[in-house]
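1. what would the 3D arrangement of this be:
(2 chains)
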Amino acid sequence: MLLTGLSSLEAYRQLLPLQLELDSNLVVLTADLGASVGVDGAARQFPERFIDVGIAEQNLFGVSAGLALEGMRPIAHTFAVFASLRAADQLRTSIAWPNLPVTIVATNGGLAAHSDGASHQAIEDIAVVRAIPNLMVVAPADGVAMNVLLPQVLRAGSPVYLRLSKIAGTVYPSAPVPVLRLGTASYLREGTDVTLIGTGDTVTSCLSAAKDLSREGIDCGVLDMHTIKPLDSAAVRRAAQQTRRIVVVENHSVIGGLGSSVAEVVAGLPGCKATVCRLGIADTFCESGDYEELLSKYRLDVKAIAAAAADVL
Amino acid sequence: MSGSTVQLQPALNARSGKEIANDVRRLVVKMIYDAAEGHLGPSLSIVEILVSLYWRCLGRHDRFILSKGHACPALYAVLALRGIIDKEELSGLRTLGSRLQGHPDMRKTPGVQMSTGSLGQGLSVGAGIALAKRLRGEPGSVFVLCGDGELQEGQNWEAMMFAAKCHLTNLLLIVDRNECQVNGKTAHVMPSLEPLDEKGRAFGWQAVQIDGHDLDRLDSVLSHGCVDRPLMVIANTCKGKGVSFTEGRGEWHKRKITRDEYLAAMAELSCLSASAEEARLCS
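-> Coordinates of the predicted model:
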């Protein structure tokens, strides 16, 4: 299976049926969504393990909790806005509080839901789920990363919020298979001037920006922070100490997401004088448009990332 | 393990259901008096329902979820009388370090099968359990106990639709229809909650209405179970049942009990032919 250059969502769509084959305990749930949450292949191949609760996300999470109580391994799929906001109480109280092993697959984070507009663009989800105890938050950078992280996510034995994106990622080659561990950031580039930290679909842009910056003589490190929670604070500390300048790039509000999480760690480092620049949606609802145009307008494209890194120097 | 299914022993002594219900009420009153806080009214209205379940109906393959989690003092009292938790623990309700939390926590309390407290969530969870049993061909029924005010939460109706879709004939919803909620009578806060039984049927369930304090009727309906669709049992009850000055009184939703009130309540709830041990714990 060639996963290079695929988005995390596209790879997931292909990988899910294989996981269902391996583990008879897995069961796929959704709230009237199909291809947009990567379950179409699984629904066709394993109809007896595909449960559609209809347009009812709160019930989606409650039913998932019930299945988990009986020893099954449910994966609940919906859009990030609904997973983190509409059914936040159910996620927190029925899944996270009793620490039930439910995987929540959330798609359309940030501007990825570009043409649908503000109602479907989740710019707050990381901020919300980060604050819920017992809940791991993971955002694979591309299809190759998805393949390595998915088995770990499904076997975590505790709740995981898996943020997937339909935006193609070109971070990892297929071979050698990258060694990615949940909870440990992946070093893509070493650098001495500034460190870019990305997650999910921003990692590809961070790498491109780093290459552009190196042509201008700026030595840029890049970290793939695929596990937003628990954050690899040791990696953040190293970046702060080695480069003293960090730019965090996320397809999410600048409030409460990965940038805030990194800033929290850096602010707590004794005697460390490091600057954290948070790139993301500047606390505004966005709008419909072409994805590249939106990235440009809302300052999340490669040009904006490179400019922010240059600025912070 | 906390939250594991209830393994019930048959009642070894010859106490009647009424006597057991009385014991439960005495333990609930004392528990909430000791804690200086607790939901007395909502706990007292479900006593017969719990006695019927825990002494007659629940088998080893069955599951029970107290969706109206704030009534957990009644559940804790039942678990103590069934020997699943120690009676001595009851006085620690809501205190730091106690296994008896203000709302049920399955990770802390043996016999609590699901954590609840935020209303409207238990039926979805029950539907998920019922579905898991279906998928695996496993026996047993799932009993979910909710409040009538609680049914104002939309999620319940999502679960109702879903249960009908999946033909979950192993799922029973017992509604504690005590006609009260925090801000007054349900008929005042949300009159269009009625007709509840018709709503249940419209959502594809069978719906019956019974006297929620009639143990024989409860035994009969709950052990008979579902016929060809999920079953909603509307149990008409009285909030604060069993103590004259709390019956039907909204202010007893959640408040401390004064010493005078405690003594008066315990005097009313006499220990009927108590065993020596239970007489000690009841007083």
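2. residue contacts, the residue lying closest to A:Arg130 once chain neighbours are set aside?
-> In space, and not counting its chain neighbours, A:Arg130 is closest to A:Lys229: 5.3 Å by CB to CB, 6 or more residues apart in numbering or on different chains. Glycine gets a C-beta too; all of them are placed from N, C-alpha and C. By CB atoms under 8 Å, 6 or more residues apart in numbering or on different chains, the contact list for A:Lys229 reads A:129-130, A:135-137, A:261.
3. quick check, pLDDT for A:Lys229.
-> We have a pLDDT of 98 for A:Lys229.
4. phi and psi next, for it.
-> A:Lys229 adopts backbone torsions of phi -140, psi 130, taken as degrees, to the nearest 10.
5. ok, back up a step: inside strands: which ones of the contacts of A:Lys229?
-> Applying DSSP state E to those, the entries found in strands are A:136-137.
6. between the contacts of A:Lys229, which is nearest chain B?
-> Nearest to chain B among those: A:Leu135, at 14.7 Å, using CB to the nearest CB.
7. the closest one and A:Leu91 touch, don't they?
-> Yes: A:Leu135 is in contact with A:Leu91 according to CB atoms under 8 Å; the separation is 7.4 Å.
8. shared neighbours, the two?
-> Common neighbours of A:Leu135 and A:Leu91 (CB under 8 Å, 6+ apart) are A:129, A:159, A:161.
9. adding pLDDT, write those residues out as JSON lines.
-> Shown next, in JSON lines, are the shared contacts of A:Leu135 and A:Leu91 (pLDDT from 0 to 100):
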{"residue": "A:Val129", "pLDDT": "98"}
{"residue": "A:Pro159", "pLDDT": "98"}
{"residue": "A:Tyr161", "pLDDT": "98"}
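10. most neighbours among these, which one?
-> Top of those by neighbour number is A:Tyr161, holding 29 neighbours under the definition other CB atoms under 10 Å in any protein chain shown.
11. would you say that one is within a helix?
-> No: counting by DSSP: H, G, I helix; E, B strand; the rest coil, A:Tyr161 is not part of a helix but strand.
12. okay, A:Leu135 and A:Leu91: which has more neighbours?
-> Ranked by neighbour count (other CB under 10 Å), A:Leu135 and A:Leu91 place A:Leu91 first, with 29 against 22.
13. quick one: contacts for that one?
-> A:Leu91 makes contacts with A:61, A:83-84, A:104, A:129, A:132, A:135, A:159, A:161, as judged by CB under 8 Å, 6+ apart.
14. the same query, at a cut-off of 10 Å, please.
-> Contacts for A:Leu91 (CB atoms under 10 Å, 6 or more residues apart in numbering or on different chains) come out as A:57-58, A:60-61, A:64-65, A:76, A:83-85, A:97, A:102, A:104, A:128-129, A:132, A:135, A:159, A:161.
15. out of those, who's near chain B?
-> Contacts with chain B within these, counted by CB under 10 Å from any CB of the partner chain: A:57-58, A:60-61, A:64-65, A:97, A:102.
16. who wins on neighbours among those residues?
-> Among the ones next to chain B among the contacts of A:Leu91, A:Phe61 has the most neighbours (other CB under 10 Å), with 37 neighbours.
17. that residue: what's it in contact with?
-> A:29, A:31, A:53, A:74, A:76, A:78, A:82-83, A:86-96, A:100, A:102, A:104, B:121, B:124-125, B:128, B:155.
18. and with 8 Å instead?
-> A:76, A:87, A:90-91, A:94-95, A:102, A:104, B:124.
19. secondary structure element holding it?
-> Applying DSSP states H and E as the criterion places A:Phe61 in helix A:57-69.
20. give the next helix or strand downstream of that helix.
-> Heading C-terminal from helix A:57-69 (DSSP H and E), you reach strand A:73-79.
21. other SSEs contacting that next one?
-> Counting contacts by 3 or more CB pairs under 8 Å, 6 or more residues apart in numbering or on different chains; DSSP states H and E, strand A:73-79 packs against strand A:26-30, helix A:57-69, strand A:103-107.
22. rerun at 10 Å
-> helix A:8-22, strand A:26-30, helix A:57-69, strand A:103-107, helix A:143-154, strand A:160-164, helix B:122-136 (3 or more CB pairs under 10 Å, 6 or more residues apart in numbering or on different chains; DSSP states H and E).
23. tabulate the ones you listed (JSON lines), appending distance to B:Ser52.
-> As requested, the helices and strands packed on strand A:73-79 are exported to JSON lines (distance: least, CB to CB, whole Å):
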{"stretch": "helix A:8-22", "distance to B:Ser52": "41"}
{"stretch": "strand A:26-30", "distance to B:Ser52": "33"}
{"stretch": "helix A:57-69", "distance to B:Ser52": "23"}
{"stretch": "strand A:103-107", "distance to B:Ser52": "37"}
{"stretch": "helix A:143-154", "distance to B:Ser52": "41"}
{"stretch": "strand A:160-164", "distance to B:Ser52": "40"}
{"stretch": "helix B:122-136", "distance to B:Ser52": "17"}
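24. tell me the most buried of these?
-> helix A:57-69 (a mean of 30; mean count of other CB atoms under 10 Å in any protein chain shown).
25. distance from the chain centre to that helix, please.
-> Helix A:57-69 sits 22 Å away from the centroid of its parent chain (CA atoms, centre = their mean, to the nearest Å).
26. note down every partner strand of the lengthiest strand in chain A and its orientation.
-> If you go by DSSP E, chain A has its longest strand at strand A:245-253. The strands beside strand A:245-253 in its sheet (DSSP bridges) come out as strand A:194-198 (parallel), strand A:275-281 (parallel).
27. out of these, which one sits most buried?
-> The most buried one of those (mean count of other CB under 10 Å) is strand A:194-198, showing a mean of 30.
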